[in-house]
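> Build me a model:
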Amino acid sequence: MLNNYWTFYNSESRNENLIEYSFSFKENFGTIKGRCDSILIYDNGKVIIVDYKTSKKAKTKSQLKTDVQLGIYALFMLQKGIEIGDKIIKKLPDELIMLYLRDANPKVSITFNEEELNDFRKNINDLAIKINCGNFDPCKGRYCDWCDYKRLICPEFN
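Numbering: from 1, shown residues only. Model prediction:
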């Protein structure tokens, strides 16, 4: 995994590499907060967001197009942007990459256009409305231990 990471990292000749970049932005339904593993910024203005994965199975490009994590990263870049010194870069990422470090060919990348992001935003908004009304189907699983809301609104825990 370290070799795959190092090979990818050294193959990208970028101007800036923002590591563990925290973000927060508001949508109609609330505030979204997160952190990008890596944001690569090039002299020509190109911006690539990279998420490193150690999972055993890589997602396909079509699966990544519906991935909540990458969609939120793209929304954050378009809506809030990144700060570098006194400059803010606010645009659609040129590429979003999931780097599956267990694989010999670890890179799976996608792009979003504004129409796709508007659809994504609408889906998140619709889901948030349902959750706020208590209308959702919980799916108890291994990630429940990290959920801040399980004891507040989740019927699986009440």
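
> what about the protein, any weak spots by pLDDT?
Applying pLDDT under 70 to the chain flags residues 12, 153, 158.

> Okay, helices next: where are they in the chain?
When secondary structure is read from DSSP state H, the chain shows helices at 2-11, 61-64, 68-79, 114-132, 150-153.

> Go through these and pick out the most buried.
Mean neighbour count (mean count of other C-beta atoms under 10 Å) peaks for helix 68-79 among the helices of the chain, with a mean of 20. For glycine as for every other residue, the C-beta is placed from the backbone atoms N, C-alpha and C.

> Next, the buried residues of stretch 19-26.
21, 23, 25 (16 or more other C-beta atoms under 10 Å).

> List of residues touching that stretch?
Stretch 19-26 is contacted by residues 31-39, 75-76, 79-80, 82 when judged by C-beta atoms under 8 Å, 6 or more residues apart in numbering.

> Residue 99: which of the buried residues of stretch 19-26 is nearest?
residue 21 (15.7 Å; C-beta to C-beta).

> beta partners for that closest one?
Counting by DSSP bridges, residue 21 is bridged to residue 36.

> What separation do you get for it and residue 3?
Distance of residue 21 to residue 3, computed by C-beta to C-beta, to the nearest Å: 25 Å.

> what's the answer for residue 27, then?
39 Å.

> Mind checking the helices of the chain for the one nearest to residue 49?
helix 68-79 (4.8 Å).

> The closest one: how far from the chain's middle?
6 Å (C-alpha atoms, centre = their mean, to the nearest Å).

> now swap in stretch 108-125 and tell me
11 Å.

> Need the contact partners of it.
Applying C-beta under 8 Å, 6+ apart, the contact partners of stretch 108-125 are 27-29, 58-61, 64-65, 68, 70-72, 74-75, 78, 92-100.

> Keeping just the C-alphas, turn that stretch into CSV.
Extracted C-alpha coordinates of stretch 108-125, given in CSV (Å, rounded to 0.1, in the frame of the first residue of the first chain):
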residue,chain,number,x,y,z
VAL,A,108,-10.3,5.4,-10.1
SER,A,109,-11.3,9.0,-11.1
ILE,A,110,-14.4,10.9,-12.1
THR,A,111,-15.6,14.4,-12.8
PHE,A,112,-18.9,16.1,-12.1
ASN,A,113,-20.7,18.7,-14.1
GLU,A,114,-23.0,21.4,-12.6
GLU,A,115,-26.1,19.5,-13.7
GLU,A,116,-25.0,16.4,-11.9
LEU,A,117,-24.1,18.3,-8.8
ASN,A,118,-27.6,20.0,-8.8
ASP,A,119,-29.2,16.5,-8.9
PHE,A,120,-26.9,15.4,-6.1
ARG,A,121,-27.8,18.5,-4.1
LYS,A,122,-31.5,17.8,-4.6
ASN,A,123,-31.1,14.2,-3.5
ILE,A,124,-29.2,15.2,-0.3
ASN,A,125,-31.9,17.9,0.4
